[in-house]
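*Asks:* kindly return the folded structure for what I paste below:
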Amino acid sequence: MDKSEHDACVDKWVDACAVHTLDAQQVLALFEQALGVLLDRARQTLGDVTLTAILDRVLFTSSETFPLLAVLKVEGHGLRWDELRERVRHGGELREGMRFVLVEFLTVLGKLTAEILTPALHADLSNIVPARDGQAARGPRATRPKTADEGTP
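*Replies:* Here you go, the predicted model:
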């Protein structure tokens, strides 16, 4: 599998969620949910230390192209979203940044694991949908894992 297959998966999900119709806070909630679900799935196989190193790399690379994302910090078992939540006003850069982070994360994980996690990660991503209240929902459940600024899961 190459990066274009991860691109296609993320693009399909972005289109299915109609991300272009969401406001900045809704995009942020969806981004937080999607990355949280992917991190939880990958953590089962890779563990916290490896996953933190991967996420740090992905965020560093992403913030070079999308400076807004430089405020995301890895903390504990997740990310600190509070500073990004305060800074986000417009969804355009955030939408593109979200897409970039997700593709980069899937690509790096795929390369490091010989794509072993890819089918499950793609399936998990495709199950995440925006909820009407602005929070993201996953499949039949409308729950959201806690983030670092809410306490660890």
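
*Asks:* so where's this protein shaky on pLDDT?
*Replies:* Applying pLDDT under 70 to the chain flags the ranges 1-2, 132-153.

*Asks:* the strands in it, which residues?
*Replies:* 73-75, 78-80, 128-130, 136-138 (DSSP state E).

*Asks:* S4: which of these is closest?
*Replies:* strand 128-130 (21.3 Å; C-beta to C-beta). For every residue, glycine as well, the C-beta is placed using N, CA and C.

*Asks:* okay, buried residues for that closest one please.
*Replies:* 128-130 (16 or more other C-beta atoms under 10 Å).

*Asks:* stretch 112-131 now?
*Replies:* Taking 16+ other C-beta under 10 Å as the neighbour-count basis, stretch 112-131 is seen to contain the buried residues 115, 117-118, 121-122, 124-125, 128-131.

*Asks:* between the buried residues of strand 128-130, which is closest to A16?
*Replies:* In terms of C-beta to C-beta, no member of those lies closer to A16 than V129, at 7.4 Å.

*Asks:* look up how far A131 lies from the residue nearest to T118 when sequence neighbours are not counted.
*Replies:* Leaving out its chain neighbours, the residue that sits closest to T118 by C-beta to C-beta, 6 or more residues apart in numbering is G110, at 5.1 Å. To A131, G110 is 29 Å away according to C-beta to C-beta, to the nearest Å.

*Asks:* which residues touch T107?
*Replies:* By C-beta atoms under 8 Å, 6 or more residues apart in numbering, the contact set of T107 is 3, 6.

*Asks:* how close does it get to E83?
*Replies:* As judged by C-beta to C-beta, T107 and E83 stand 26 Å apart.

*Asks:* and if you look at D56?
*Replies:* 16 Å.

*Asks:* which residues touch V27?
*Replies:* Contacts for V27 (C-beta under 8 Å, 6+ apart) come out as 19, 88, 91, 94-95, 98.

*Asks:* can you rerun that using 7 Å?
*Replies:* 19, 91, 94-95, 98 (C-beta atoms under 7 Å, 6 or more residues apart in numbering).

*Asks:* done for today, thanks.
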